[in-house]
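S.K.: Give me the fold of what follows.
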Amino acid sequence: MSDSPIPAAPVGTRIVDCWNRIGARGDASCPDLVQHIHCRNCPVYSAAAAEQLDIDLSAEHLAQSTRHVARQKTVAAQHTRSVVVFRIGAEWLALPTAIIREIVGPRPIHALPHRRDGVVLGLANIRGQLLACAALRQILQLDDATPQERKKYPADARMLVTLQDGACTVYPVDEVYGVQRFPPQDLVAVSNAATAHVKAVLTWQVKLVSLLDEDLLLSTVNRSLASATAI
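M.R.: As a prediction, this is how the structure comes out:
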């Protein structure tokens, strides 16, 4: 529940906003906080909110609300493709939002024996589950990060947790920008990509972003898990 204070009352109306002075948003000196824990649980706060709702609106407020409701609505773009944009080294990449279960901070990775291809890094504990952790840098054959790159954005590192065919996979990345939507015509199909795992590219904030083939990515990880030999 939001901790935002009750909005200011119209001019000429006086509300005793004790929550902003001696309550949770003030110096917390109110003795009733021991019982109610937070001002939102206090009957004084609830009574003030009810009083706000009973106040007659001014003509100016009604006119402003009328203009807002009558304003022409902006129709959101339809049939867009939703992706999560992230970075590994100098490369900006994307995966479909639909397969991203969550984005978490870095976790320790427990190495597995006999994994010589470098694709599967090991297991990461995500909310009590040990999930396979794979190296996109190795799968996509990206250049290793330089010491300068590793030090430049240490706080931006994240782990993408994907869910495909009932299986979760963790991918460490250097930075996650977030969810972006693009119309299909902005995605340019790639036939001769440097890596087969890229199925399209798009331009975003003057950057070239590679949209990865999530099915082929999962297949690569599964093959690495099933075999100790190089892919």
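
S.K.: can I see the domain layout of this protein?
M.R.: 1-60, 81-226 (automatic domain parsing).

S.K.: Could you tell me how far the first one lies from the centre of the chain?
M.R.: When distances are taken as CA atoms, centre = their mean, to the nearest Å, domain 1-60 is centred 32 Å away from the chain's centroid.

S.K.: With the last one instead?
M.R.: Between the mean C-alpha point of domain 81-226 and the mean C-alpha point of its chain there is a distance of 14 Å (CA atoms, centre = their mean).

S.K.: Tell me the span between the first and last residue of that domain.
M.R.: Length of domain 81-226, first residue to last, CA to CA, to the nearest Å: 32 Å.

S.K.: So that it lines up with my notes, have the first residue be 622 from now on.
M.R.: Sounds good: first residue 622 from here, last item domain 702-847.

S.K.: could you pull out the helices for the chain?
M.R.: 654-657, 664-675, 680-691, 757-760, 768-773, 835-847 (DSSP state H).

S.K.: Show me what the last one is packed up against.
M.R.: The helices and strands touching helix 835-847, judged by 3 or more CB pairs under 8 Å, 6 or more residues apart in numbering; DSSP states H and E, are strand 712-717, strand 741-747, strand 750-755, helix 757-760, strand 779-785, strand 788-794. Every C-beta, even on glycine, is put in place using the N, C-alpha and C of the backbone.

S.K.: closest one to Gly644 among those?
M.R.: Proximity to Gly644 (CB to CB) singles out strand 779-785 among the helices and strands packed on helix 835-847, at 36.5 Å.

S.K.: which residues of this protein score low on pLDDT?
M.R.: Scanning the chain for pLDDT under 70 picks out 622-635, 695-699, 736-738, 765-775, 813-815, 849-852.
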